[in-house]
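J.: Please work out how this folds:
(2 chains)
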Number of protein chains: 2
Amino acid sequence: MSGQPVPSATYAQPRDLNEVFKRVGQQMTALDRFMHEQVASFEPEIRSMAAYCLETSGKRLRPTLVFISGWQGETVVNPDLVRAAGVVEMVHLATLVHDDIMDSADIRRNRRTAAREFGPDAAVLLGDALFSQALHIASQFPTTEVCRLVSASTRQVCSGEIMQTLRRRDTTVSMADYYRVIDLKTAELFRVSCLLGARMAGYTPAFATAANDFGRHLGIAYQIYDDLVDFLGEEKNIGKTLGTDLASGKLTLPLMLLLEKLPAAERAEVIEALHGGRPLPLAVSVERMRALGIADGVVRAIEQELSAASAALAPHAGLAPVPMMRQLCDVLRSQVTGLYAPSVAK
Amino acid sequence: MSGQPVPSATYAQPRDLNEVFKRVGQQMTALDRFMHEQVASFEPEIRSMAAYCLETSGKRLRPTLVFISGWQGETVVNPDLVRAAGVVEMVHLATLVHDDIMDSADIRRNRRTAAREFGPDAAVLLGDALFSQALHIASQFPTTEVCRLVSASTRQVCSGEIMQTLRRRDTTVSMADYYRVIDLKTAELFRVSCLLGARMAGYTPAFATAANDFGRHLGIAYQIYDDLVDFLGEEKNIGKTLGTDLASGKLTLPLMLLLEKLPAAERAEVIEALHGGRPLPLAVSVERMRALGIADGVVRAIEQELSAASAALAPHAGLAPVPMMRQLCDVLRSQVTGLYAPSVAK
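T.: Reported below is the predicted structural model:
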C-alpha cells in the first residue's frame, strides 16, 4: 500500500532457486524477524509450541512470491510486504500442521511434525491458533482488504484439501477434478501471494491482476511438479517404489497418465494398490516413463501453465518485478527437466 | 455500527431461557436466514458439508448474547448485529467440529457429529473452512474491528483448549489454571459477543466496556455451570457414574472440590480413574455432595461471577439491554439451583 513502484530495470537474472532466495535475502531476514516477533502474540502457555511451528527451515516459497511480485529492488524492505508475507506463510504453516495430522506424518524438514511432537489433538488446535493469528495480523492493515482476500483464500485451500481427502482411493477422478483440486489447494495461495505483493508495493491494478493470474498458473505448475517429484520418489533412475501419494490413495497427474498408458494387467495392479492404500513395487524406469509418454505429458502440462504465467506478465515487461517473476518460471522449468531426465540435465 | 441506542425502557423480564430466546425471536429468524445464505459462499463441492454444520438445532447462545447486548427492542433487526452474531456462531460451530474429533464424539444434538459423518480428516478441514468463512464474514464490515476482535478471540479459544488438552489426566492442576482455561476457552467468545453487540448497536464506549466485562464473567459462570452439569451426569439424584469429563481426564471445579474433600482412600480411587481415563462408579449423592460442601462451593463460584457480571452493568441501568442481560444472569442462577438441588427446586 505504501512505497513507489519501481520503473523498468535491468537486473541480472537469477539462474536457480537459491539465487532467487538470495536476491530476496534482506526481505527474508525481515520476515524471519517478523515471524519470531509473532511468537509473543500467542498466549504465554502456547508460545513454545507456536515458535516450534513458526521458526522452521521451510522454503518460504509464498513469501518469496509476495516479495518478488512487489519487487522494488534488493535493498527496499517494505514493512507492508513483510507483514503480508507473514500472513500467507502463517496460513501455509497452519495447513501443514493439519496436513501432517491427516497423513500421520512423523517427520517434516528433518524434524518431528507438530502432530508427533505435541500429539494430534493439540496439533489440531495449534493449527487453528496459527490460522487465527494469521488473520489477526491481516486485520492490522488499515483496510479489510488483506483479511478479505486471505480468509477467502484459506477457505478455498481447505475446500481443495477436503475434495482431495474425500476422493482418496477413487480411481475415477477426472482430469478436470485433478485441476480443480490443485487450483484450490495450491494455486489459490500462490495467486493471493502474488496479488498482495503487487498491491502492497503500490503497483497498478492492471499489474496486480497480471500478478494474480501469474501466481495462479505458477501455482498449478508447481503442484504438478510436486506431484511428479512424489511420483518419481527418491530412486528416480530405475525401477522404483511408487511414492507416498499412491500409498495415501491420492490420484495425481503422473498417476493418471500412467493408468491411461499401462497395459491392462499392470493397470489393474496399480488400481488395486491404490484401493488398498499400499505402496507398489513397479518397474517404472525413466526410460519406460518416456516410452509411455508420461513424463512428456506431465512436462507439457507444466509448460502450458508456465507459458500462461509468463503471458500474463507480457503487457508489464517494463516493471521491476517482471524479470524476477519470469525467472521463477525458468527456474521451475529447469528443475522439471533435471528431475525427469537427470542424465540429460547433467 | 448503525442504529440508534434505545433509552431506558421497562420491559417485562423473561423468567427462563426459553423466554429469553423467544424475546430475540425476530433477530434469531434473521440469523437462521443469514446462516442458510452463507452456505452458498462455500465452494460447491463442500456446500452440503457446510450446511450440515451450519444448519443445526444448537442453542445459539452466543448470538443471543450479541442480540441482547445490542438490544433495541423486539422488532428492531439490525443487520450488523445479525452479521456479527453469524461470525461468532460460525467460529463456535468450527470449534465444535474440531472438539468432536478430539473427543471422538459420535453424536451431538441428536445427530452424528461432522467427524462421524465425514470422517476425522475431512472434519479437520471442514472446521478450518468454517473458521475461514467466519473471518471472511467479519471482513465484510467497513472497518477491520470485527476481524481484529474475532481473530484474537479465536486464537485465545484455541489456546485455552490446547492447555486443557495438554493437562488431561493431570491431577495437579491448580484453581488458577482452571480459571485461566475457562476464561480463554469459553469466556473469551462470550466477552466478544457482548462487546460486538453493544458496539454494533451504537451504544457508548462505556457501555461497550461494561458489556465486555459482563460477557466475560457470564462466560466463566456458564462454564462452571456446564462442568457441574457434566459432573452430575444424567442420574443426578443418587449414586452416579462420574461424567464424561472424568473419562476424558478433564479436571473441572466440581472434581477439584471433590478431590479436596474426599477421604484419602476414595480420593486415591478418583485420581486413579482420572489417570486411567475411565468413568468411575462412585456414590456421590446430592446429599453427600452437600455434606462435603461441594455443591455449595460450586454455586458460590458461579454466584461470584454472576454478581460481577451484574455489577459491571450497574452504571448503565437505564439502557435497554441491561434488564435483558441481568435476566440472563437470573436464568442461569435458577438453572444452577434446579440442577444441584432438584428436590428443593421442585
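
J.: Now the phi/psi pair for A:R112, please.
T.: The phi/psi pair for A:R112 (degrees, to the nearest 10) reads phi -60, psi 140.

J.: Find the nearest non-adjacent residue to A:L195, please.
T.: Using C-beta to C-beta, 6 or more residues apart in numbering or on different chains and skipping residues adjacent in sequence, the residue nearest A:L195 is A:N212, 4.2 Å away. From N, CA and C alone the C-beta is placed, and that goes for glycine too.

J.: next one: the helix or strand where that neighbour lies to chain centre, how far?
T.: Using DSSP states H and E, A:N212 sits within helix A:205-232. The chain centre lies 8 Å from the centre of helix A:205-232; the measure is C-alpha atoms, centre = their mean, to the nearest Å.

J.: Then stretch A:291-307?
T.: The chain centre lies 19 Å from the centre of stretch A:291-307; the measure is C-alpha atoms, centre = their mean.

J.: what does the model give the residue of chain A positioned farthest from its centre for pLDDT?
T.: The outermost residue of chain A, judged by C-alpha distance from the chain's mean C-alpha position using C-alpha atoms, centre = their mean, is A:A265 at 35.0 Å. Looking at A:A265, its pLDDT reads 86.

J.: how about it, secondary structure?
T.: On the three-state scheme (DSSP: H, G, I helix; E, B strand; the rest coil), A:A265 is labelled helix.

J.: surely A:G249 meets A:T165?
T.: No: in this structure, A:G249 sits apart from A:T165 without contact. The criterion is C-beta atoms under 8 Å, and the distance is 9.6 Å.

J.: Can you get me a residue count around A:A201?
T.: Here the number of neighbours of A:A201 (other C-beta atoms under 10 Å in any protein chain shown) works out to 30.

J.: err, A:V76, not the other one
T.: A:V76 has 17 neighbouring residues, counting by other C-beta under 10 Å.

J.: That one in helix, strand or coil?
T.: The three-state label given to A:V76 by three-state DSSP is coil.

J.: Got phi/psi on it?
T.: phi -90, psi 110.

J.: same deal with A:T113?
T.: When quoted as degrees, to the nearest 10, the phi and psi of A:T113 stand at phi -70, psi 160.

J.: Not counting its neighbours along the chain, what's nearest it?
T.: The spatial neighbour of A:T113 that comes closest, neighbours along the chain excluded (C-beta to C-beta, 6+ apart), is A:D100 at 3.9 Å.

J.: distance of the one you found from B:Q133?
T.: Separation of A:D100 from B:Q133 (C-beta to C-beta, to the nearest Å) stands at 23 Å.

J.: what ranges of the stretch 201-346 of chain A fall below the confidence cut-off?
T.: A:233-247, A:277-287, A:340-346 (pLDDT under 70).

J.: the strands in it, which residues?
T.: Read by DSSP state E, counting those that start in this stretch, the stretch 201-346 of chain A holds these strands, from start to end of the chain: A:240-241, A:281-282.

J.: Please parse chain A into its domains.
T.: Recorded structural domains for chain A (assignment: automatic domain parsing) are A:17-67+A:74-142, A:159-346.

J.: related to what we said a few turns ago, pretty sure the residue nearest to A:T113 sits in a helix.
T.: Yes: for A:D100, which was evaluated using three-state DSSP, the result is membership in a helix.

J.: which ones are touching it?
T.: Taking C-beta atoms under 8 Å, 6 or more residues apart in numbering or on different chains, we find A:D100 in contact with A:108, A:113-116, A:123.

J.: thinking again about what came up before, count of residues packed around the residue nearest to A:L195?
T.: In terms of burial, A:N212 registers 21 neighbours under the definition other C-beta under 10 Å.

J.: again, but for the one 5 residues further on
T.: The criterion is other C-beta under 10 Å. On that basis, A:H217 has 23 neighbouring residues.

J.: ok, now which ones touch A:Q335?
T.: A:Q335 makes contact with A:17, A:225 under the criterion C-beta under 8 Å, 6+ apart.

J.: switch to 7 Å and redo it
T.: Contact criterion C-beta atoms under 7 Å, 6 or more residues apart in numbering or on different chains gives A:Y225 as the residues in contact with A:Q335.

J.: just A:A94 next, same as before
T.: When the contact criterion is C-beta under 7 Å, 6+ apart, the partners of A:A94 are A:127, A:130-131, A:134.

J.: Mind telling me what element it is part of?
T.: Using DSSP H and E, A:A94 falls in helix A:79-102.

J.: what angle sits between that helix and helix B:79-102?
T.: Note on geometry: by axes from the mean of the first three to the mean of the last three C-alpha atoms, to 10 degrees, helix A:79-102 and helix B:79-102 are set 40 degrees apart in direction.

J.: Now helix A:79-102: average pLDDT?
T.: Mean predicted confidence for helix A:79-102 is 96.

J.: what comes up buried for that helix?
T.: Residues of helix A:79-102 classed as buried: A:80-102 (neighbour count, 16 or more other C-beta atoms under 10 Å in any protein chain shown).

J.: A:S193: what's its closest spatial neighbour, skipping adjacent residues?
T.: A:L65 (3.9 Å).

J.: For that neighbour, report the pLDDT, please.
T.: Reading off the per-residue confidence, A:L65 sits at a pLDDT of 98.

J.: try A:R15
T.: Per-residue confidence for A:R15 comes out at a pLDDT of 63.

J.: cool, and the one 10 residues further on?
T.: Turning to A:G25, the model gives it a pLDDT of 95.

J.: what about it, neighbour count?
T.: If we define neighbours as other C-beta under 10 Å, then A:G25 has 11 of them.

J.: Okay, the closest residue to it other than its chain neighbours and B:D128: tell me how far apart.
T.: Closest residue to A:G25 in three dimensions, ignoring its sequence neighbours and counting by C-beta to C-beta, 6+ apart: A:E74, at 7.6 Å. Taking C-beta to C-beta as the criterion, A:E74 is separated from B:D128 by 36 Å.

J.: Pick out whichever of these two has more residues nearby.
T.: When A:E74 and B:D128 are compared on other C-beta under 10 Å, the one with more neighbours turns out to be B:D128, at 28 against 13.

J.: next one: the stretch of helix or strand A:F67 belongs to to chain centre, how far?
T.: Assigning secondary structure by DSSP H and E places A:F67 in helix A:61-69. Its chain's C-alpha centre and that of helix A:61-69 lie 11 Å apart, by C-alpha atoms, centre = their mean.

J.: Would you mind listing what in chain A touches chain B?
T.: Neighbours of chain B within chain A, by C-beta under 7 Å from any C-beta of the partner chain: A:42-43, A:45-46, A:98, A:101-102, A:121-122, A:124-126, A:128-129, A:131-133, A:135-136, A:139, A:144, A:147-148, A:151-152, A:154-156, A:158-159, A:161-163, A:165-166, A:184.

J.: Identify all contacting residues around stretch A:143-153.
T.: Against stretch A:143-153 from outside (C-beta under 7 Å, 6+ apart): A:84, A:87-88, A:91, A:134-135, A:138-139, A:188-189, A:192, A:195-196, B:132, B:135-136, B:139, B:144, B:147.
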